[in-house]
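**Student:** Next comes the sequence, and after it the predicted model I'd like to discuss.
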Amino acid sequence: MINPIAVYSGSTVLYWSAIIIGAGFLAALFMSLSVQATGKGRLVAMLLFFPLALLFSIPLCRLLHWYCHQEQYGGLVKAVTDYTAGSYVLSAAIPGVWIAAWIAAKLDDGNTAKLLDAAAPGLALAIAFVRLSSLFNNACRSKIPVTSTVLQHLPFAAGITNSAGAVEYRFATFFAHFFILLLLCACMLKFYFKRRAVPMKAGRPEGSTIMIFLLYYSASEFVMDSTRYDSSFLPINGFVSIVQIIAAVCILVLLIYYSVLSVRANGRRFWHWLLWALWLVMLAGIGMTEYLVQRHGDWYMSCYGGMAFCCLGLAIIVHRMYLSCCGEREAE
C-alpha cells in the first residue's frame with residue numbers, strides 16, 4: 001500500500017496523508033483556541049504555539065529517527081534537509097513542544113504550564129490525525145497477523161503487500177491508536193474544565209492537564225510501539241525501542257513528581273509504599289510480556305493484553321498519586 005495521491009495537477013502532487021494531517025492540525029488549533037478563550041488566555045499565544053511546535057519538533061523527531069536508522073539515510077545533512085523520504089520518532093517532539101510553549105507564553109502571562117494545559121486536548125487530537133494518516137502512508141506497520149477472514153478489515157486489520165506481491169492482513173495499529181487518542185482528547189477536555197471549576201490551592205502548580213495527558217499517552221505509546229515491526233531502537237539496545245524508553249521515563253518522572261507532592265501534602269503513609277510496590281510489579285509485568293512477545297510469535301493476544309493491563313496500571317497509580325495531593329477534594 002503506497003502513499004495514495006489525492007490531487008495531481010501538473011507538477012503539484014498532494015497525498016491523502018498530508019490532507020489528513022493538515023485537517024487534524026487545523027482541528028487541533030481551533031479546539032485549543034476555544035479552550036484558551038474559556039481560560040481567558042490570549043489567543044495570539046496559542047496561534048503562535050502550534051507553528052512553533054511544528055518548527056521545533058519536526059527536526060528533533062527526524063534527528064532521533066536518523067540516529068536509530070542511519071542506514072536509511074545518506075548522512076546527517078541529507079536527513080535534516082531532504083524530507084521526501086525517511087520517517088520520524090514522534091516522541092522526540094516533547095522538548096520541541098515545551099520550547100514552543102515557553103516562547104508563546106511570553107505573549108500571555110508567561111505561564112508555560114498554563115498554556116500547555118489549554119493545548120493538551122488539541123495535542124491529543126493532532127496526534128490522533130497523524131496516526132490516522134499513517135493508514136494512507138506506505139503501509140500498516142504492525143507485526144501482528146490477522147488470519148481470521150471475519151476480522152480482515154478496519155477497525156481490526158489493515159492490508160499490506162508482502163515481498164511476494166500478495167496482500168496479507170495485520171492488526172491496524174495506527175487505526176486503533178487513532179481511536180485511543182480521540183478518547184484521550186475527550187478525557188483531557190473533561191479533565192481540564194473540571195480542574196478549572198475548582199479554586200486553585202495556594203502553592204499548587206499549573207500543568208497537571210498536560211502531565212496527565214503525557215501520562216496516558218506514554219502508556220498507550222508503550223504498547224502500540226511494541227506492535228510495530230519498524231520500531232526505532234538505539235544502536236546499543238535491541239530489546240526496548242526508543243519510544244518505549246521515552247514513555248517509561250515520562251511515566252517514572254511523573255510518578256516521582258506526584259509522589260513528592262503527595263508526601264509533602266499527606267506525610268509518608270503506608271499506602272504510598274503500597275502504590276510504589278504495585279508500580280514496580282506492573283513494571284516487571286511489562287518487561288515480562290515484552291520479553292515473551294519477542295520470543296513467542298504466536299502469543300500476541302495474551303502478551304499484549306497483559307502489557308496493556310500493566311501499562312494502564314502504571315498510569316492509574318500515578319494518577320492516584322496526583323489525586324492524593326492535587327485532586328478536587330484537596331483544592332476545595
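**Tutor:** Yes, it's here.

**Student:** Residue 178 touches residue 131, doesn't it?
**Tutor:** Yes. Look at residue 178 against residue 131 with C-beta atoms under 8 Å: they come within range, at 4.5 Å. C-beta coordinates here come from the backbone N, C-alpha and C atoms, glycine included.

**Student:** Distance-wise, check residue 248 relative to residue 45.
**Tutor:** Using C-beta to C-beta, to the nearest Å, one gets 32 Å for the distance from residue 248 to residue 45.

**Student:** neighbour-wise, which of these two wins?
**Tutor:** residue 45 (23 against 20; other C-beta atoms under 10 Å).

**Student:** can you pull the contacts of the more buried one?
**Tutor:** Shown in contact with residue 45 (C-beta atoms under 8 Å, 6 or more residues apart in numbering): 36, 104-108, 115.

**Student:** Would you map the helices across the protein?
**Tutor:** Taking DSSP state H, the helices of the chain run over residues 16-38, 43-68, 76-81, 93-104, 112-133, 173-196, 208-226, 242-266, 270-295, 300-326, 328-331.

**Student:** As CSV, those helices with distance to residue 141 would be great.
**Tutor:** Shown next, in CSV, are these (distance: least, C-beta to C-beta, whole Å):
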stretch, distance to residue 141
helix 16-38, 13
helix 43-68, 13
helix 76-81, 20
helix 93-104, 19
helix 112-133, 11
helix 173-196, 7
helix 208-226, 10
helix 242-266, 13
helix 270-295, 16
helix 300-326, 15
helix 328-331, 40
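
**Student:** Same list, the ones you listed, but as TSV with mean pLDDT please.
**Tutor:** Below are the helices of the chain laid out as TSV (pLDDT from 0 to 100):
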stretch	mean pLDDT
helix 16-38	88
helix 43-68	93
helix 76-81	85
helix 93-104	96
helix 112-133	93
helix 173-196	92
helix 208-226	95
helix 242-266	94
helix 270-295	95
helix 300-326	93
helix 328-331	44
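
**Student:** among those helices, which is nearest residue 145?
**Tutor:** Closest to residue 145 of the helices of the chain, according to C-beta to C-beta: helix 300-326, at 8.2 Å.

**Student:** May I see the buried residues of the closest one?
**Tutor:** 300, 303-304, 306-308, 310-311, 313-322, 324-326 (16 or more other C-beta atoms under 10 Å).

**Student:** Any idea which residue is closest to the centre of this protein?
**Tutor:** residue 217 (4.3 Å; C-alpha atoms, centre = their mean).

**Student:** So it versus residue 151, what's the distance?
**Tutor:** 27 Å.

**Student:** can you pull the contacts of the closest residue to the residue nearest to the centre of the chain other than its chain neighbours?
**Tutor:** The shortest distance from residue 217 to any non-neighbouring residue, by C-beta to C-beta, 6 or more residues apart in numbering, is to residue 184 (6.5 Å). Contacts for residue 184 were tallied using C-beta under 8 Å, 6+ apart; they are 124, 213, 216-217, 220.

**Student:** hmm, 10 Å instead?
**Tutor:** Counting by C-beta atoms under 10 Å, 6 or more residues apart in numbering, residue 184 makes contact with 120-121, 123-125, 127-128, 177, 191, 212-213, 216-217, 219-220.

**Student:** Closest one to residue 89 out of those residues, please.
**Tutor:** Closest to residue 89, out of all of the contacts of residue 184 and judged by C-beta to C-beta, is residue 127, at 13.1 Å.

**Student:** who touches the closest one in this structure?
**Tutor:** 24, 28, 90, 93, 177-178, 181, 184-185, 213, 217, 220-221.

**Student:** now the residues you listed as a markdown table including distance to residue 289?
**Tutor:** A markdown table is the format used below for the contacts of residue 127 (distance: C-beta to C-beta, whole Å):
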| residue | distance to residue 289 |
| --- | --- |
| 24 | 31 |
| 28 | 32 |
| 90 | 23 |
| 93 | 27 |
| 177 | 18 |
| 178 | 23 |
| 181 | 22 |
| 184 | 22 |
| 185 | 27 |
| 213 | 24 |
| 217 | 20 |
| 220 | 15 |
| 221 | 16 |
